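**Student:** show me the folded form of this:
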Amino acid sequence: MKNLVRIAAVMLAVGSLGACGHMSRTDAGTAIGAVGGGVVGSAVTGGSTLGTVAGAVGGGVLGHEIGEDRDKRRR
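**Tutor:** Got it, this is the predicted structure:
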């Protein structure tokens, strides 16, 4: 049951990223990185809240930087 809840949460998060169409690459990168980092952090730490939050923060920062670089290259 716990895995089903996680899968549903990931699917909901990925599905909601469809709203990123009007966002800049920086904003979209931050959101996508945070979701991905949270999933990876949770998986690596066995579902630890601290690991999930740390992964989300790290993924968000990394996604922001990558998105910002992509925005600058596009100009």
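
**Student:** what residues sit buried inside the lowest-mean-pLDDT helix or strand in the chain?
**Tutor:** Least confident helix or strand of the chain, by mean pLDDT, DSSP states H and E, is helix 2-16 with a mean of 74. Within helix 2-16, the residues scored as buried using 16 or more other C-beta atoms under 10 Å are residue 13. Where C-beta positions appear, they are placed from N, C-alpha and C, glycine not excepted.

**Student:** could you dump the next helix or strand after it to CSV, C-alpha only?
**Tutor:** Going down the chain from helix 2-16, the next helix or strand is helix 25-44, by DSSP states H and E. C-alpha atoms of helix 25-44 as CSV (Å, rounded to 0.1, in the frame of the first residue of the first chain):
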residue,chain,number,x,y,z
ARG,A,25,13.0,27.2,-18.4
THR,A,26,14.4,28.4,-15.0
ASP,A,27,11.1,27.9,-13.3
ALA,A,28,10.3,24.6,-15.0
GLY,A,29,13.8,23.3,-14.2
THR,A,30,13.3,24.2,-10.5
ALA,A,31,10.0,22.4,-10.3
ILE,A,32,11.1,19.4,-12.2
GLY,A,33,14.4,19.2,-10.3
ALA,A,34,12.6,19.4,-6.9
VAL,A,35,10.2,16.6,-7.8
GLY,A,36,12.9,14.4,-9.2
GLY,A,37,15.3,15.1,-6.3
GLY,A,38,12.5,14.4,-3.8
VAL,A,39,11.9,11.0,-5.4
VAL,A,40,15.5,10.1,-5.6
GLY,A,41,16.1,11.3,-2.0
SER,A,42,13.2,9.2,-0.7
ALA,A,43,14.4,6.1,-2.6
VAL,A,44,18.0,6.5,-1.5
